[in-house]
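Asker: My questions are about this predicted structure, shown below with the sequence.
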Amino acid sequence: MWEDEVYYDDDDAAMAAYEAAVGQSAASDGSDDGDFEPAPSGRGGGRSKPARPPAARARKPAGARRPRVAARARQSPSAAAMSSGVESQSDSGARDQPSALPTPDIGQLAVSSSVGGSPAPAVDTDEGGDAPAVLVALRARERAIRERMAQLEREIAELEKKCGVDPAAAASGAPDPVDLDEFRAPEWSVPIRANVMNFEWEKLAAACQFDVILMDPPWQLASQAPTRGVAIAYQQLPDVCIESLPIHLLQTSGFIFIWVINNKYTRAFQLMKQWGYTYVDDIAWVKQTVNRRMAKGHGYYLQHAKETCLVGKKGADPPNLRRSVASDVIFSERRGQSQKPEEMYEIIEQLVPGGNYLEIFGRKNNLRDYWVTIGNEL
């Protein structure tokens with residue numbers, strides 16, 4: 001079977017095509033020869049295909065084969081599937097020319113939405129009119145996304161209603177009110193939640209002079225890897241900010257206790273001298289685990305298992321001072337982030353019993369009776 005071979009359903013159509021081909025060949029070469037011979041196939045030196053006699057074509061019964069081009073067998077599956085609509089048409093009428101490929105129905109497109117993964121509703125062709133299929137699909141996808149957004153907004157509103165969240169406050173960015181039922185401060189403690197950098201220290205100094213001041217400054221770490229695997233949960237302050245605190249207003253005579261880290265020893269001694277204190281002692285806190293073992297932490301050269309509190313003194317001794325009543329070493333379990341041991345407060349109260357105590361940069365887990373505690377994390 002030749003690739004350019006065409007079949008006809010009846011003899012009249014075959015004869016008409018044959019006569020037309022013969023007439024065209026005669027007109028092209030100027031001869032009146034009635035014999036028709038197709039042109040060579042062009043496959044280098046091959047012999048040409050002889051023409052089949054009309055009688056051979058006429059022997060085929062009418063309607064035995066549908067008009068088709070033999071080369072259609074080489075079509076891709078998708079093209080063959082689309083052209084199958086041509087063969088399903090009625091056999092009536094002329095079959096000389098191939099029919100046009102069917103146009104897909106845009107209204108049958110199913111577009112999947114990227115929000116929620118659910119299929120979009122059927123496309124309304126009345127809205128799209130003559131718009132291309134891509135534009136209609138995008139409109140359907142937009143509708144699906146808007147419907148999903150509206151559904152999510154309704155779900156968020158229901159959750160806010162169940163949790164008691166004020167939508168107006170949430171939209172304005174105002175913080176939720178603090179629930180104080182979860183934490184109860186000691187009855188005789190004086191917690192003051194404030195920023196120590198702009199606190200009205202003059203009013204506090206005019207109201208009370210303190211015998212002991214305890215500080216746990218948030219020292220700013222200067223190394224390239226400051227935490228070395230340890231998370232810092234509070235805001236760090238430069239040395240100049242800590243230096244600007246008006247400690248001299250709060251105490252005319254008494255003791256100051258300053259927690260230091262390894263690379264701030266020198267700076268802490270300088271601050272003591274600047275504020276009018278003389279270094280007199282220090283207290284070491286040896287950290288322990290729940291199993292009473294040494295709790296080793298990260299360090300630059302050595303593993304740190306202790307913290308140090310420097311002790312300074314200014315002016316005359318307090319009248320109720322009691323010497324040599326406590327140790328300078330604390331063995332206590334390590335607890336929360338930057339949470340200092342309870343034994344530290346006991347040592348101070350034993351050294352100066354019944355005094356006026358102030359803690360700066362305090363936290364709520366260190367609130368204690370008869371102490372004034374100031375900090376922004378209370």
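Answerer: Good, I have the coordinates. Numbering: from 1, shown residues only.

Asker: which ones are touching N365?
Answerer: If you count contacts by Cβ atoms under 8 Å, 6 or more residues apart in numbering, N365 has them with R335, G336, Q339. The C-beta positions use only the backbone N, C-alpha and C, and glycine is treated the same way.

Asker: doesn't it fall inside a helix?
Answerer: Yes: counting by DSSP: H, G, I helix; E, B strand; the rest coil, N365 is part of a helix.

Asker: Now do A305: how many residues are near it, please.
Answerer: The number of residues packed near A305 is 16, by other Cβ atoms under 10 Å.

Asker: so it touches W285, yeah?
Answerer: No: in this structure, A305 is not within contact of W285 by Cβ atoms under 8 Å, at 9.6 Å.

Asker: that older thread, and the contacts of N365, which of them are buried?
Answerer: Buried by 16 or more other Cβ atoms under 10 Å: nothing, out of these.

Asker: Among those, which one lies nearest to R139?
Answerer: Distance to R139, by Cβ to Cβ, is smallest for G336 among those, at 56.5 Å.

Asker: Tell me how far the closest residue to the closest one other than its chain neighbours lies from D216.
Answerer: Leaving aside its sequence neighbours, G336 sits nearest to N365 (Cβ to Cβ, 6 or more residues apart in numbering; 6.2 Å). Distance, N365 to D216, by Cβ to Cβ, to the nearest Å: 12 Å.

Asker: residue ranges of the strands in this protein, please?
Answerer: 190-193, 212-215, 254-260, 278-288, 306-314, 329-333, 357-360, 371-375 (DSSP state E).

Asker: The residue nearest to A326 when sequence neighbours are not counted and W285: what is the separation?
Answerer: Nearest residue to A326 in three dimensions, chain neighbours excluded: I347, at 4.3 Å (Cβ to Cβ, 6+ apart). Distance from I347 to W285, counting by Cβ to Cβ: 10 Å.

Asker: so what sits against both of these two?
Answerer: Overlap of the contact sets of I347 and W285 (by Cβ under 8 Å, 6+ apart) consists of I330.

Asker: what packs against the lengthiest helix in the chain?
Answerer: What stands out as the longest helix in the chain, according to DSSP state H, is helix 133-163. On a contact count with 3 or more Cβ pairs under 8 Å, 6 or more residues apart in numbering; DSSP states H and E, helix 133-163 meets helix 125-128, helix 167-172.

Asker: Least reliable of those helices by average pLDDT, please.
Answerer: Set side by side, the helices and strands packed on helix 133-163 give their lowest mean pLDDT on helix 125-128, at a mean of 47.

Asker: Show me where the stretch 151-300 of the chain dips below the pLDDT cut-off.
Answerer: For the stretch 151-300 of the chain, the stretches flagged by pLDDT under 70 are 164-183, 222-234.

Asker: quick one: which of the strands of the chain is nearest L159?
Answerer: Using Cβ to Cβ as the measure, strand 190-193 is the one of the strands of the chain that comes nearest L159, at 30.1 Å.

Asker: circling back: among the contacts of N365, which one has the lowest pLDDT?
Answerer: G336 (73).

Asker: Spatially nearest residue to E187, not counting backbone neighbours?
Answerer: Spatial nearest neighbour of E187, excluding adjacent residues (Cβ to Cβ, 6+ apart): D369 at 6.8 Å.

Asker: neighbours of that neighbour, just the number please.
Answerer: Applying other Cβ under 10 Å, we find 13 other residues in the vicinity of D369.

Asker: isn't it right next to S189, touching?
Answerer: Yes: D369 is within contact range of S189, at 5.5 Å (criterion: Cβ under 8 Å).

Asker: just to revisit the earlier point, what's the closest of the strands of the chain to A150?
Answerer: Nearest of these to A150, taken as Cβ to Cβ: strand 190-193 at 41.7 Å.

Asker: buried set for that closest one?
Answerer: Using 16+ other Cβ under 10 Å as the test for burial, strand 190-193 gives V190, P191.

Asker: can you pull up the bridge partners for the nearest residue to I192 once chain neighbours are set aside?
Answerer: Spatial nearest neighbour of I192, excluding adjacent residues (Cβ to Cβ, 6+ apart): I374 at 4.6 Å. With DSSP bridges as the criterion, I374 is bridged to I192, I360.

Asker: For I374, give its distance to W275.
Answerer: I374 sits 17 Å away from W275, going by Cβ to Cβ.

Asker: Also A207?
Answerer: From A207 across to W275, the span is 20 Å (Cβ to Cβ).

Asker: Comparing these two, which residue is more hemmed in?
Answerer: Neighbour count, other Cβ under 10 Å: between A207 and W275, W275 has more, with 19 against 8.

Asker: which residues does the closest residue to D317 other than its chain neighbours contact?
Answerer: Using Cβ to Cβ, 6+ apart and skipping residues adjacent in sequence, the residue nearest D317 is S253, 7.8 Å away. By Cβ under 8 Å, 6+ apart, S253 lies in contact with K314, G315, A316, D317, P318.

Asker: Look up how far R368 lies from S253.
Answerer: To R368, S253 is 23 Å away according to Cβ to Cβ.

Asker: What does the closest residue in space to Q251 that isn't next to it in sequence show for phi and psi?
Answerer: Nearest-residue entry for Q251: F210, 5.3 Å, with adjacent residues in sequence omitted and distances by Cβ to Cβ, 6+ apart. When quoted as degrees, to the nearest 10, the phi and psi of F210 stand at phi -100, psi 140.
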